[in-house]
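A.B. asks: With the sequence up front, the predicted model follows.
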Amino acid sequence: MGVKAGNVYALGVQLGTSSFFASVGDTTNAKKGLGYALTTVQTLAQQGIALNQGELNQAKANPTQSKVEALRGDYRNSLSTTAYLHVYDFGVGVGIAEGESSVPGAAPHAIARDSMTNAAKLEKSLLQAGYGLVPVTDQHDVIQMLRQQWQQSFSNSPLG
């Protein structure tokens, strides 16, 4: 139970971090994240959630921030009629926060806090599905720990 939710969450995190890496010109890590995302999309297809793999392959071949953000939007639209939309949005926010919090400076840490704040706004729907509270932080080690805990939580969720 919850394997789909865990995979949707992982996809959101992967696309959030890939978006961050593309935004700072780190194509190596953006490609790596998009590679993980492709594996997750293929797994989701086997679980009955079909998402566009062609667009993901194009973004992976030449990862730019605009391509990754467009892909994130397309996947969001595809998931908009499912029970997994807020799980996906939550994952994207956590992925962006993790990436931004990994670099020094006030601006990236402000983006990390904003991303965690946006994730926290999904708290009501996540609480209804049995998930815990979302702390607003810009501390990279805390976000990494929470990301891992949430992966486990979504993978064990009643959403399927």
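C.D. replies: Right, received. Where do you want to start? Because the structure is predicted, anything quoted here is derived from the model rather than measured.
A.B. asks: Which residue, other than its chain neighbours, is closest to Ala97?
C.D. replies: Among residues not flanking Ala97 along the chain, Ser115 sits closest, at 3.9 Å (CB to CB, 6 or more residues apart in numbering). All C-beta spots, glycine's among them, are computed from the backbone N, C-alpha and C.
A.B. asks: could you give me the average pLDDT of the strand or helix carrying Glu100?
C.D. replies: Counting by DSSP states H and E, the element that carries Glu100 is helix 85-101. Per-residue pLDDT over helix 85-101 has a mean of 90.
A.B. asks: Against which helices or strands is it packed?
C.D. replies: Identification of packing neighbours for helix 85-101 by 3 or more CB pairs under 8 Å, 6 or more residues apart in numbering; DSSP states H and E yields helix 3-23, helix 65-79, helix 106-121, helix 123-128, helix 140-155.
A.B. asks: now this structure, which segments are flagged as low pLDDT?
C.D. replies: Applying pLDDT under 70 to the chain flags the ranges 1-2, 123-124, 127-137, 157-160.
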